[in-house]
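Enquirer: I'd like to go over a predicted model; first the sequence, then the structure.
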Amino acid sequence: MQYTYDDYIKARDAIRDRIGDFRPEVLLILGSGLGFLADEAETPIYVPYGEIPGFKSSTAPGHNGRLVFGRFCGKNAVFMQGRLHCYEGYSMEEVAFPVRVIRLLGADRVVVTNAAGCVNTEWHTGELMLISDHIRLFGFSPLTGPNIPEFGPRFNDQSDVYTAEYRKIAGEEAEKLGIVLREGVYMYFPGPQYETPAEIRAARVLGADAVGMSTVPEMIGASHAGMKILGISVLSNMAAGVLPVKLSEQDVIDAAEAAAEHFSKLIRACVGRM
Ligand code: HPA
């Protein structure tokens with residue numbers, strides 16, 4: 001479906017009715033196995049996606065479907081506990097819808113996280129990767145269709161989607177915490193099937209370090225709306241064909257959960273400085 005600006009405003013106003021005068025500054029989008037971080041929000045207010053006009057529900061395993069508003073690391077935060085994916089049957093525009101609504105609530109910073117397959121053979125499962133840039137060769141764009149100038153321009157610059165200043169902060173904080181933090185390019189695949197070994201070899205040639213089925217639709221929307229972005233992947237498995245094993249969804253969730261402690265410490269340290 002094609003949303004109009006009015007649809008975004010209606011969703012924003014429905015949320016405002018629930019959160020009163022709380023104004024989020026930072027949005028945190030939590031990927032597979034990482035939703036626990038929203039439980040750390042102080043004095044939380046929960047708003048289920050199903051109660052917000054225009055919001056679709058998250059059907060993916062390991063994802064709830066609600067916004068959690070609260071104080072987190074000294075900031076007014078909103079967590080998307082559960083995110084949407086195109087493989088659930090949603091368009092890129094539908095997947096990006098919540099992010100643009102939250103922009104209208106005032107948040108101008110995003111922390112986006114995901115579990116990703118590791119394409120770079122020098123790196124290891126369980127490590128974290130700072131997203132320096134992304135590749136989206138498949139699917140349309142959340143910005144396809146009439147432009148909504150209230151968000152941003154028709155032809156949006158994407159030279160610095162993953163904000164350099166935030167990457168510097170994350171690098172410094174990881175070093176202080178003694179956490180291995182890789183930095184690389186995330187390539188979007190629409191899924192839901194995992195990639196073939198040949199697709200992974202192609203991704204590597206194109207410059208990808210990690211692959212996954214999320215993040216990019218929302219971050220195109222966030223970047224268009226002028227949000228500053230910190231993106232972190234948990235390298236939950238070696239991508240298809242790197243090792244002589246089959247990929248399983250449970251392994252992805254288990255690996256993300258195993259990285260949870262590092263992940264949580266790093267995110268907290270970064271949000272404090274954003
Ligand atoms: N491919 C795509 N998406 C993923 C993977 C993968 O190997 N691991 C976690 N999400």
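Expert: On my side now, so go ahead. Numbers count the residues shown, from 1 in each chain.
Enquirer: and the closest residue to the ligand within the chain, how many neighbours?
Expert: Closest to the ligand within the chain is G117: 2.1 Å, counting by CB to the nearest ligand atom. Every residue, glycine included, has its C-beta placed from N, CA and C. For G117, the neighbour count with other CB atoms under 10 Å is 26.
Enquirer: Hmm, it is touching A210, no?
Expert: Yes. At 6.4 Å, G117 counts as touching A210 under the criterion of CB atoms under 8 Å.
Enquirer: who touches both of these two?
Expert: With contacts defined as CB atoms under 8 Å, 6 or more residues apart in numbering, the residues adjacent to both G117 and A210 are 235, 239.
Enquirer: Can you name the residues bridging to the residue of the chain closest to the ligand?
Expert: V211, N237 (DSSP bridges).
Enquirer: Stretch 138-156: which residues count as buried?
Expert: By neighbour count on 16 or more other CB atoms under 10 Å, the buried set for stretch 138-156 is 139, 141-143, 148, 151-152, 156.
Enquirer: ok, is that stretch in contact with the ligand or not?
Expert: No. If you take CB under 6 Å from any ligand atom as the test, stretch 138-156 misses the ligand, and the best it gets is 12.3 Å.
Enquirer: gap between the two ends of that stretch?
Expert: Start to finish, the residues bounding stretch 138-156 are 18 Å apart (CA to CA, to the nearest Å).
Enquirer: How far away from the center of its chain is that stretch?
Expert: How far stretch 138-156 lies from its chain's middle: 18 Å, per CA atoms, centre = their mean, to the nearest Å.
Enquirer: Give me the mean pLDDT for that stretch.
Expert: The average pLDDT for stretch 138-156 rounds to 91.
Enquirer: residues in contact with that stretch?
Expert: Contacts for stretch 138-156 (CB under 8 Å, 6+ apart): 2, 4-5, 8, 86, 91-93, 95-96, 100, 103, 188-190, 217-218, 220-221, 223-226.
Enquirer: restrict these to contacts with the ligand.
Expert: F189.
Enquirer: Narrow the contacts of stretch 138-156 to those in helices?
Expert: 5, 8, 92-93, 95-96, 100, 103, 217-218, 220-221, 223-224 (DSSP state H).
Enquirer: Give me the ChimeraX select line for these, limited to the buried ones.
Expert: One line in ChimeraX is enough to select the buried ones among those; burial here means 16+ other CB under 10 Å:
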select :8,92,93,95,96,100,103,217,218,220,221,223,224
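Enquirer: Sort out which one of the ones in helices among the contacts of stretch 138-156 lies nearest S233 for me.
Expert: E218 (13.9 Å; CB to CB).
Enquirer: contacting residues for that closest one?
Expert: Neighbours of E218 in contact, by CB under 8 Å, 6+ apart: 29, 83, 95-96, 98-99, 112, 142.
Enquirer: and if you look at D108?
Expert: 25, 226-228.
Enquirer: Now these in JSON lines, please, with extra columns for neighbour count and distance to L247.
Expert: Converted to JSON lines, the contacts of D108 look like this (neighbours: other CB atoms under 10 Å; distance: CB to CB, whole Å):
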{"residue": "E25", "neighbour count": "17", "distance to L247": "37"}
{"residue": "G226", "neighbour count": "11", "distance to L247": "36"}
{"residue": "M227", "neighbour count": "24", "distance to L247": "32"}
{"residue": "K228", "neighbour count": "18", "distance to L247": "33"}
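Enquirer: And the lowest-mean-pLDDT helix or strand in the chain, what does it pack against?
Expert: For the chain, counting by mean pLDDT, DSSP states H and E, helix 249-258 ranks last in confidence among helices and strands (a mean of 83). When contacts are defined as 3 or more CB pairs under 8 Å, 6 or more residues apart in numbering; DSSP states H and E, helix 249-258 sits against strand 109-118, strand 228-238.
Enquirer: so what's Y186 up against?
Expert: Y186 neighbours (CB under 8 Å, 6+ apart): 114, 116, 129, 131, 133-135, 208-212, 215-216, 231, 233.
Enquirer: Fine by me, we can end here.
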